[in-house]
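A.B. asks: From the sequence below, what's the structure:
(one chain, ligands or ions: 2)
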Amino acid sequence: MTKKTALITGITGQDGAYLARFLLKKNYKVIGLERRSARSFNWRLEKLNINDKVIIEDTDIKEINNLIRIFDKYKVDEVYNLAAQSFVYSSFQNPIETSLVNSIGTLNLLEIIRNKKNKIKFYQASTSEMFGESKSIKQDEKTLFHPRSPYATSKTFAHYSVQNYREAYNLHAVSGILFNHESPLRGEEFITRKITLGLSKIVLKKQKNLKIGNLYAKRDWGYADDYVEAMWKMLQSKKPDDYVIATGKNHSIKQFINESIKALKLKTKWVGKGLNEKLINTENNKAIIVIDKKFFRPTEVNILKGNYQKAKRELKWKPKTNFSKLVKMMIASDLEYVKNLDKN
Ligand code: NDP
Ligand code: GDP
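C.D. replies: Residues are numbered from 1 along each chain as shown. Ligands and ions are numbered 1, 2, ... in the order given. Prediction:
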């Protein structure tokens with residue numbers, strides 16, 4: 001059988017790296033799009049030992065002419081569109097760039113695929129942020145969207161564009177509405193990694209304290225490596241459709257911190273209220289987590305919890321990694337990472 005070819009936009013990101021490894025194991029030829037930067041190496045691909053196993057093409061997803069050239073160069077079977085300005089906080093500062101990448105970047109790919117005669121399957125990285133201020137206790141594929149950030153509005157545009165191209169041009173195009181998913185490869189600016197890395201540095205005496213924002217928002221956190229399998233399953237399904245991918249359980253930021261503290265076997269207590277709330281290390285009475293209003297957002301998504309029953313039923317997908325295992329894995333990885341910082 002001839003090898004299938006997959007094109008991953010955003011291959012240098014968390015999901016791109018795990019997905020590339022997953023597809024290589026399935027014997028795909030993997031082409032990844034990377035925008036040029038001053039960064040010397042792709043640390044995530046290096047960490048998974050796959051840097052020399054994928055073909056990298058250099059382009060920004062906003063550059064449609066480069067994208068056309070790449071689609072002309074390879075006979076692509078499946079496209080996974082993971083490239084995005086993916087950080088909600090930054091989207092408030094850079095709403096236009098966020099929309100150009102997340103909305104117009106997606107439209108560029110859909111237009112190219114529409115113009116190609118051969119059937120290319122398309123996966124879009126949609127997000128639970130589209131539900132935003134949701135009235136439902138659990139969100140599923142039928143729940144109304146109420147986006148609360150430029151990131152969420154840009155992704156909602158992309159989501160509806162995928163749906164429209166599927167209906168209008170019969171494209172095999174799907175969106176995975178993924179709830180937050182984390183891993184040791186998560187960007188350091190996201191709260192989970194910020195906590196596991198920050199606390200690891202504090203324990204190893206490389207940092208005094210960690211400043212964060214809203215402790216009480218709740219997220220449905222899963223493990224990224226479980227979620228990339230769902231992306232692939234969606235594209236193998238006969239009928240193109242959209243699916244929620246989640247764990248069905250949620251926790252607050254404070255609970256994530258408490259679970260990390262447990263994994264690190266630290267003795268701590270919470271004191272104070274509101275902006276004065278702090279986590280104290282009871283062995284030396286020093287504050288190790290403090291609140292900084294700089295990290296609050298103009299509009300917050302307070303609570304998200306996904307219902308993944310449709311994916312379970314139709315794709316036979318379910319999450320394999322629970323909250324506690326995820327936190328332990330991230331803490332173990334960050335302790336190792338911080339110890340090695342000294343050696344480099
Ligand atoms: P990351 O931020 O880790 O990765 C984003 C990727 O997009 C990086 O490779 C980045 O490149 C690339 N990128 C950004 N801008 C451009 C551009 N203009 N042109 C080309 N490439 C670009 O995100 P994740 O891996 O966590 O997420 C993957 C996708 O899934 C994203 O679309 C995200 O919005 C979405 N998503 C993620 C969730 C999560 O919890 N992780 C939840 C739901 C959806 P560079 O390395 O140069 O920055
Ligand atoms: P998001 O769900 O895509 O916005 O993922 P993040 O990990 O960036 O944020 C998850 C939640 O953590 C949001 O409700 C944030 O307001 C909250 N949060 C609290 N403090 C911080 C912080 O210091 N950094 C980040 N990134 N988020 C924080």
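A.B. asks: Can I get stretch 130-138 in PDB, CA atoms only?
C.D. replies: Provided in PDB are the C-alpha atoms of stretch 130-138 (Å, rounded to 0.1, in the frame of the first residue of the first chain):
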ATOM      1  CA  MET A 130     -16.000  29.200  21.400                       C
ATOM      2  CA  PHE A 131     -18.600  28.200  24.100                       C
ATOM      3  CA  GLY A 132     -17.200  31.000  26.300                       C
ATOM      4  CA  GLU A 133     -19.900  32.200  28.700                       C
ATOM      5  CA  SER A 134     -22.000  29.000  28.300                       C
ATOM      6  CA  LYS A 135     -25.400  28.500  29.900                       C
ATOM      7  CA  SER A 136     -25.000  24.700  29.700                       C
ATOM      8  CA  ILE A 137     -23.400  22.700  32.500                       C
ATOM      9  CA  LYS A 138     -21.700  20.500  29.900                       C
END
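A.B. asks: That one near ligand 1 at all?
C.D. replies: No: shown here: stretch 130-138 not in contact with ligand 1 (C-beta under 6 Å from any ligand atom), separated by at least 9.2 Å. Bear in mind the C-beta positions are built from the backbone N, C-alpha and C, glycine included.
A.B. asks: how close does the residue of the stretch 201-344 of the chain found nearest ligand 1 sit to Ser126?
C.D. replies: Proximity to ligand 1, evaluated over the stretch 201-344 of the chain using C-beta to the nearest ligand atom, is greatest for Ala224 at 6.4 Å. With distances taken as C-beta to C-beta, to the nearest Å, Ala224 is found 15 Å from Ser126.
A.B. asks: the more surrounded of the two?
C.D. replies: Using other C-beta atoms under 10 Å, the more surrounded residue of Ala224 and Ser126 is Ser126, with 26 against 22.
A.B. asks: List the residues that contact Ala17.
C.D. replies: 11, 42, 44-45, 47-48, 50, 185 (C-beta atoms under 8 Å, 6 or more residues apart in numbering).
A.B. asks: Confirm that it sits in a strand.
C.D. replies: No: Ala17: not assigned to a strand; according to DSSP: H, G, I helix; E, B strand; the rest coil it is helix.
A.B. asks: so what's the backbone phi/psi at the residue nearest to the spatial centre of the chain?
C.D. replies: The centroid of the chain falls nearest to His181 when counting by C-alpha atoms, centre = their mean (5.6 Å). According to degrees, to the nearest 10, the main-chain angles of His181 amount to phi -140, psi 140.
A.B. asks: Quick check: bridge partners of it?
C.D. replies: On the basis of DSSP bridges, His181 is bridged to Gly222.
A.B. asks: surely it meets Glu229?
C.D. replies: No: at 11.5 Å, His181 does not count as touching Glu229 under the criterion of C-beta atoms under 8 Å.
A.B. asks: OK, contacts around the residue in the chain that ligand 1 sits nearest to?
C.D. replies: Using C-beta to the nearest ligand atom, the single residue of the chain nearest to ligand 1 is Gly13, 2.0 Å away. The contact partners of Gly13, by C-beta under 8 Å, 6+ apart, come to 44, 82-83, 86, 187.
A.B. asks: Quick check, pLDDT for the residue of the stretch 201-344 of the chain closest to ligand 1.
C.D. replies: In this model, Ala224 is scored at 98, pLDDT.
A.B. asks: Which positions in the stretch 101-250 of the chain make contact with ligand 1?
C.D. replies: So far as C-beta under 6 Å from any ligand atom goes, the stretch 101-250 of the chain lies against ligand 1 at 101, 125, 127, 178, 180-181, 187.
A.B. asks: please redo it, this time with the cut-off set to 5 Å
C.D. replies: 101, 125, 127, 178, 180-181 (C-beta under 5 Å from any ligand atom).
A.B. asks: Restricted to buried residues, select these in ChimeraX.
C.D. replies: Buried residues among those (16 or more other C-beta atoms under 10 Å), as a ChimeraX selection:
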select :101,125,127,178,180,181
